[in-house]
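K.L.:
Provide a 3D model corresponding to the input given below.
(chains A and B)
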Amino acid sequence: MDELMYLAPEIVVVATGLAILLAGIFLSPQSKNLLGYLATLGVLAALFLTVKSFELLTMQGFMVGYSIFSDTLNIDALSQFFKLIFLVVALIVAIAAIKYNENSDHTEEFYALMLFATFGMMIVASANDLIVLFCAFELASLATYGLAAFEKQNPRSLEAGMKYFVFGSVSAALMLFGMTFVYGATGTTSIPQIAANSGLLTSSPIGLVAVVLLIAGFGFKMALVPFHMWAPDTYQGAPSVVSSLLAAGSKKMGFVAAFRIFIVALAALQPDWQFAFTILAVVTMTFGNLVAVSQTSVKRMLAYSSLAQAGYIAMAFAVMSPLALTGGIMYALAHAFMKAGAFIAAGVVVWMVTSEKRGNLKIPDHLDNFKGLGKRMPLTAFSMMIFVFALAGIPPTAGFMAKFVLFSSTIAAGMTWLAIIAILNSALSLFYYARLVRYMYVLPPEGGKVSEPFPYAIALLVAVAGVLAMGIWPEPFVELATNAAMVLF
Amino acid sequence: MALENLAFLIPVLPALAFVITFFFGKNMKSGGAIVPILAIAASFVISLMITLGLLANPEEVVTQSVSWFAMLNLGVLIDPLAAVMLCMVTFVSLLIHIYAVGYMSHDPAKSRYFAETALFTAAMLSLILSDNILQLFVSWELVGLCSYLLIGFWFTKPSAAAAAKKAFLTTRIGDVMFLTGIIVLTSDLLKIAGGIPEGVYLLRFNEIFSYIPELSAMQANIFGTEVSHLTIITLLFFGGAVGKSGQFPLHVWLPDAMEGPTTVSALIHAATMVTAGVYLVARTFPMFLAAPDSLMVVAYVGGFTALFAATMGIVMNDIKRVLAFSTISQLGYMMLGLGLGATIGMEAVGVSLFHLVNHAFFKALLFLCAGSVIHAVGTHDMRELGGVAKVMPITAVTMTAAALALSGMGIPGTSIGTSGFFSKDAIIENAYLLGEHSGNWLPYVFSILAALLTSVYIFRLIFMTFTGKPRSNYGGHESPSSMTIPLAILAGFALVFGGLTQTGFMSFLEETFSNNFVNVDIGSLAALGGYELVHATGHEPLFILWLPLIVALAGLGISFVLYYMRAVDLGGIASEKNPIYKLLYRRYYQHELFTEFFSIGIVYGVIAFLAQVVDVIIDSIVESISIVTVAAGEALKRVQTGVVQTYATVMIAGVSLLIILVKLIMEVL
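P.N.:
A predicted model of the protein is given here:
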């Protein structure tokens, strides 16, 4: 019974999901609008419980962790920090989806899937066993496949979901394959046990194969090149709220799983995966930024920018110092705010174009539809400007602080060349981010003023508040991220 | 105490008001003026309460400090010096905001106006309560930016845009010196402390002051003379103050700054921003005390500026320009007051700040009265005015009160007199002490001559504007009560504030550097500089005490004869044929010399040439980078075919390649 107490946030999320699913059966489409508010409340409650759980972890000023359910789940600063990320994204998405699902017949399905996906991600953050981790990973993935294809009438959405599903299945197979190698060599699925037996892995080439297969499996979620191919198509085709969940939330699931498996379980193989991640980080950020330059669809551009951001976070594995991990973990949170917000902002424009039936209807998130947005929807344009500047790493935003910690740790670790590549990449990224701002503020508007629907506005404001809070007042976030990073050492 | 914990709100509230007014002011009544007014009123109340607490217990200053982003620090320090400035700035700013509701009522961009003045107030307040030099500098720059925006408020007018640019660039020279000073200081401190100490913020004022002996011991060799680093740093700081406070030779921007709305002139270019330079010197005064050479420079520059600006004030015909030169001249007095620290020690801060506060009251009042006249009559030119007292009696009375304060009317030896009398005479008398003590008589001569001219130009303004017959056809009416009530309040302060607070004020400010935050020993600082302080003041000959009043009355007499009675025909003297008049009227040809010859001719020419060359080089670099980038992006884009089979192939190929690559490299390494 005591052990359940640690899972209070997860229980709230699942219970809310089940309640919504059940209630949806009896409600008319109009009254289903209430379900969005219910989901938001549930996520808020879970968020509150997660924040409270940090108190349990502090004992006489030190951070402690707990292992529960026969060592299959870990409750520590790292897991709770990532749960915070997932819940924040879920909150932003849940609020924005109130409008997205307005008067829809499938509201309860959307929210149930979204909450189950969030639940899966939260369990991944805590998982201390390969089997638990895989199951939770698949729970989150399966739920998001459905969400990506949520607009059944929209061929682009179907395509997005289908590609995501096929690619996800291949990756899951590779990941499972990697896990079996690890199990075969060490004879256990428990992460601490693997770490204890890791000498068996280094003695045969199987260790290297297992590492690369696992990187491929997690790299799919993180969207590292060359495991990224699904991401642009899916992020563009899926409904914006779902893209937001995928890019800001489920991507981080890959990172937290990789943190646990590589840094804790496979510490003995550190030279191998450290090198692999170095290559992947450089290739991913450069590829992402270069291709983003020539995109005309904003969601696609954000998808490639999301690749580049994953490349930056992957630098944490390449550097592997406590400060670098702090930076990577901070970046994960910063990216959650910026990317979730940016996709929602793009979603608002898509909504505007489709409901007004003017502009480029074929590609509703085309750059041309952003012309003069500063005059048409000042709040959306302003938030979008904050998000893209944060993504480019301009102070005083979350993106700047995270980049600052991460890049300075890279220099401190003596990998100046990597820091230079990353900084040049940031400079390059400003090109396409600034272009978007130019479209929004310099070019003349095509159409009149539109007022944002209330839920979208609130979701944007939550994200803006997060981005600015982390940028102006980074201390508490740095402290949380440091505690989380310390779990891994 | 709970109230002290609110100290950080003093700048934060106006900053919030800026955000609200800037974004939502357009849709509010009268441009959202109510938001900054309420915010500044709240700041004023907090400042006043803290000051009252401090008055009871000047040892216990308010400090708050949070480290921000590893090496930086955000802090609040409210000691007597800051407290006095805070109250003055919030109070004057509050009155001017209220006045501006009436004054700006016809302007379509008034929400922008109120947003910018709110931001300015926030920046100025943050400058005042900084507890470290870096935060002070950041606010200092923000103040400069706001000044630029507000001078160029009517930016469609070419003269306003030019004036804004001139102000920005001129003060920039000072800012660069200030920044250089901070850089020298920081590197010296790091050298002394041997790296960044843990948990201590080196650029906080208490830390800086505790290192004064070491700084003073560091010598640099400049052109064969040994100069202490402390002297260099303080002179660089003073360079910043010269720019911001319009001291010679960087004063040229201030008269042109009158292109902004009159309320801006009153707020920024009379009462608050221009005093930032004086405040900077006062804030770092212990450093100056240990560097007597710098103090002498401050005294001479201040004294000279006081006289120099006053000579130009007597020939200007634009009512606002007379006031602008008067401001420069009075700022010179304040600087002179600080420079006197070489003789009278800490008392100099009290004397100078006392004049600063009094000046803020009567100069803001003068500007608001001028604004009231301009608002009603529609012209700046005093030659077209005359007899305005008949149509605007309240304005005439309040402006005369301000003029009396400016010229320093009062009876020596008693506590009867206007505000300006107590503070300006104190400076002049202490300048006499400096002469007597060190043989530097020039500052005293400057200050006494400037006092004569001050009285001449301000009563010339009064007589030309308010008496006689109208010299052109103007319709006019008394201003609305939202404008006259601030005038009346300020007039009250201009008349009695000095007399009421005279002794208490100065002794309060002398406590600035001895409390729980900093505690400097004046005697040892003076010993570092190698000089002695005079403690016995107030024993000057009777004639010296009366002389300032005598010259002020003489000035009044001259103006009365020339501009009221019109006893002498001025046509012959005040013409372009008279070389002295022409020299003064043309402002010593500074515009031709500084702006047209030096700035535009030389600097601009060189920059334009360099810019062309550099442009070509940089442009070609940038363009080739962008061409390569875009081409690479286009090429890589084709990898994304949209076919799932390709995707899976790429993935498996990637896995295989990665295994081979890692294996290979691991073997090689």
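K.L.:
Excluding chain neighbours, what is closest to B:L509?
P.N.:
On the basis of Cβ to Cβ, 6 or more residues apart in numbering or on different chains, the spatially nearest residue to B:L509 that is not a chain neighbour turns out to be B:G350, at 4.0 Å. C-beta here means a position set from N, CA and C on the backbone, and glycine is covered the same way.
K.L.:
Just the buried residues of the helix or strand harbouring B:R172, please?
P.N.:
Here B:R172, judged by DSSP states H and E, is contained in helix B:158-193. Applying a neighbour-count criterion of 16 or more other Cβ atoms under 10 Å in any protein chain shown, one finds B:160, B:163-164, B:166-168, B:170-172, B:174-175, B:177-182, B:184-185, B:188-189 buried in helix B:158-193.
K.L.:
my read: the residue nearest to B:L509 touches B:S507, true?
P.N.:
Yes. Counting by Cβ atoms under 8 Å, B:G350 sits close enough to B:S507 to count as a contact (7.2 Å).
K.L.:
For the two, indicate the residue with more neighbours.
P.N.:
It is B:G350, of B:G350 and B:S507, that has more neighbours when counted by other Cβ atoms under 10 Å in any protein chain shown, with 26 against 12.
K.L.:
Now that one: which helix or strand?
P.N.:
Here B:G350 sits within helix B:347-377, counting by DSSP H and E.
K.L.:
Give me the mean pLDDT for the helix holding B:R172.
P.N.:
With pLDDT averaged residue by residue, helix B:158-193 scores 86.
K.L.:
count of neighbours near B:I607?
P.N.:
Taking other Cβ under 10 Å as the definition, B:I607 ends up with a neighbour count of 11.
K.L.:
quick one: secondary structure of it?
P.N.:
Of the three states, B:I607 takes helix according to DSSP: H, G, I helix; E, B strand; the rest coil.
K.L.:
distance of it from chain A?
P.N.:
B:I607 sits 26 Å away from chain A when distances are taken as Cβ to the nearest Cβ, to the nearest Å.
K.L.:
before we move on, what about B:C369?
P.N.:
In this structure, B:C369 and chain A are separated by 40 Å, where distance is defined by Cβ to the nearest Cβ.
K.L.:
now that residue, nearest residue through space, not along the chain?
P.N.:
The spatially closest residue to B:C369, leaving aside those adjacent along the chain, is B:M399, at 3.8 Å (Cβ to Cβ, 6+ apart).
K.L.:
cool, A:T16 as well?
P.N.:
A:G42 (3.0 Å).
K.L.:
per-residue confidence at that neighbour?
P.N.:
According to the model, A:G42 carries a pLDDT of 95.
K.L.:
Specify the local secondary structure of it.
P.N.:
Taken by three-state DSSP, the conformation at A:G42 corresponds to helix.
K.L.:
Longest helix in chain A, by number of residues?
P.N.:
As assigned by DSSP state H, the longest helix anywhere in chain A is helix A:322-356.
K.L.:
Report the contact partners of B:L664.
P.N.:
Residues near B:L664 by Cβ atoms under 8 Å, 6 or more residues apart in numbering or on different chains: none.
K.L.:
whoops, I mixed them up, B:K363
P.N.:
Listed by Cβ under 8 Å, 6+ apart, the contact partners of B:K363 are B:A266, B:A270, B:A271, B:L323, B:S326, B:T327, B:Q330, B:A402, B:L406.
K.L.:
so the last one sits right up against B:A364, yeah?
P.N.:
No. With contact defined as Cβ under 8 Å, B:L406 does not reach B:A364; the gap is 11.7 Å.
K.L.:
by contact count, what packs against the helix holding B:R172?
P.N.:
Under the contact criterion of 3 or more Cβ pairs under 8 Å, 6 or more residues apart in numbering or on different chains; DSSP states H and E, the helices and strands touching helix B:158-193 comprise helix B:133-151, helix B:205-210, helix B:212-217, helix B:229-244, helix B:253-256.
K.L.:
Please repeat the previous calculation with a cut-off of 6 Å.
P.N.:
For helix B:158-193, the packing partners by 3 or more Cβ pairs under 6 Å, 6 or more residues apart in numbering or on different chains; DSSP states H and E come out as helix B:133-151, helix B:229-244, helix B:253-256.
K.L.:
Tell me which of these lies nearest to chain A.
P.N.:
Proximity to chain A, assessed across these by Cβ to the nearest Cβ, is greatest for helix B:133-151 (12.4 Å).
K.L.:
Got the phi and psi for the nearest residue to A:P474 once chain neighbours are set aside?
P.N.:
What sits nearest to A:P474 in space, not counting adjacent residues and going by Cβ to Cβ, 6+ apart, is A:M401, at 4.4 Å. The phi and psi torsions at A:M401 (degrees, to the nearest 10) take the values phi -60, psi -50.
K.L.:
got a list of what A:M401 touches?
P.N.:
Remark: with contacts taken as Cβ atoms under 6 Å, 6 or more residues apart in numbering or on different chains, A:M401 is in contact with A:M470, A:G471, A:P474.
K.L.:
Over to B:P255?
P.N.:
By Cβ under 6 Å, 6+ apart, B:P255 lies in contact with B:R321, B:A324.
K.L.:
End to end on stretch B:405-414, go ahead and measure it.
P.N.:
Between the opening and closing residues of stretch B:405-414 we find a distance of 16 Å, counting by Cα to Cα, to the nearest Å.
K.L.:
could you give me the average pLDDT of it?
P.N.:
The pLDDT scores in stretch B:405-414 average 79.
K.L.:
cool, stretch A:245-260 as well?
P.N.:
Mean predicted confidence for stretch A:245-260 is 92.
K.L.:
Might you calculate how far that stretch sits from the centre of the chain?
P.N.:
Computed by Cα atoms, centre = their mean, to the nearest Å, the chain-centroid distance of stretch A:245-260 equals 5 Å.
K.L.:
now do stretch A:267-283
P.N.:
Taking Cα atoms, centre = their mean, one finds the center of stretch A:267-283 at 21 Å from the center of the full chain.
K.L.:
One more: stretch B:111-126?
P.N.:
Distance, centroid of stretch B:111-126 to centroid of chain: 14 Å (Cα atoms, centre = their mean).
K.L.:
Residues of chain B that sit close to chain A?
P.N.:
Residues of chain B lying close to chain A by Cβ under 6 Å from any Cβ of the partner chain are B:629-630, B:632-634, B:636-637, B:640, B:644, B:647-648, B:650-651, B:654-655, B:658-659, B:662.
K.L.:
So B:M287 lies in a helix, does it not?
P.N.:
Yes. Using three-state DSSP, the assignment for B:M287 is a helix.
K.L.:
quick one: it from A:P445, how far?
P.N.:
In this structure, B:M287 and A:P445 are 55 Å apart, going by Cβ to Cβ, to the nearest Å.
K.L.:
what does B:S482 give?
P.N.:
Here B:S482 is placed at a distance of 38 Å from A:P445 (Cβ to Cβ).
K.L.:
what do you get for B:L267?
P.N.:
In this view, B:L267 and A:P445 are 36 Å apart by Cβ to Cβ.
K.L.:
try B:S620
P.N.:
Counting by Cβ to Cβ, the gap between B:S620 and A:P445 amounts to 35 Å.
K.L.:
give me the low-pLDDT residue ranges for the chain?
P.N.:
Went with chain A since none was named. Applying pLDDT under 70 to the predicted model, the residue ranges of chain A that meet it are A:1, A:60-62.
K.L.:
my bad, the chain I had in mind was chain B
P.N.:
B:1-2, B:68-71, B:198-199, B:473-476, B:535-540, B:567-577, B:581, B:585-601, B:669.
K.L.:
Next, the residue located most distally from the centre of chain B: secondary structure please.
P.N.:
For chain B, the largest distance from the centre (Cα atoms, centre = their mean) belongs to B:Q645, which lies 69.4 Å off. Here B:Q645 is recorded as helix under three-state DSSP.
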